[in-house]
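K.L.:
kindly generate the corresponding structure for this input.
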Amino acid sequence: MTAAQAGPGVVGMDTQKVIASTAVELRDSIAVEEPLEIRLTADVAGRRGTREVAVTMRTPGDDRDLAAGFLFTEGIVSESGEIDEICVERSNVIAARVSCKPATSVIAIPSRRK
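P.N.:
Residues are numbered from 1 along each chain as shown. Below is the predicted model of the structure:
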């Protein structure tokens, strides 16, 4: 990809480069960064519970993989088989349905957000 090309997660932007007091117009590639809300759904005491577990900034694309990696590194799941489904609920919101005991503990903790 050259500096003037755009692709997933990248936009082209007109910029100016100053060299020896002379401004030169050029097009450059800039990475896009957007928030991603990760929600977790699990069965708790026979009832399905859902809660937001994180909001992270990322370059859009591969959101399902990012969410799976987040759940693993945070210790919410210990293997991929504990993730039943990861789906995009809407723009910048992804939901993971899991079946494992640590996830039910995360769901049961009351949110501190008001």
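
K.L.:
shaky segments in this protein?
P.N.:
Along the chain, the parts satisfying pLDDT under 70 run over 1-7, 101-114.

K.L.:
contacting residues for the residue most central in space within it?
P.N.:
Taking C-alpha atoms, centre = their mean, the centroid of the chain lies closest to L36, which sits 3.9 Å from it. With contacts taken as C-beta atoms under 8 Å, 6 or more residues apart in numbering, L36 has the following neighbours: V55, T56, M57, R58, D63, L66, A67, N92, V93, I94. Bear in mind the C-beta positions are built from the backbone N, C-alpha and C, glycine included.

K.L.:
the fifth one against V88, yeah?
P.N.:
Yes: between D63 and V88 a contact is recorded at 6.7 Å, counting by C-beta atoms under 8 Å.

K.L.:
which residues are in contact with each of those two?
P.N.:
Counting by C-beta under 8 Å, 6+ apart, the contacts common to D63 and V88 are I94.

K.L.:
who's more crowded, the two?
P.N.:
With other C-beta atoms under 10 Å as the criterion, D63 and V88 differ in neighbour count, and D63 comes out ahead with 17 against 13.

K.L.:
got the end-to-end distance for stretch 40-55?
P.N.:
From the first residue to the last, stretch 40-55 extends over 12 Å; the measure is C-alpha to C-alpha, to the nearest Å.
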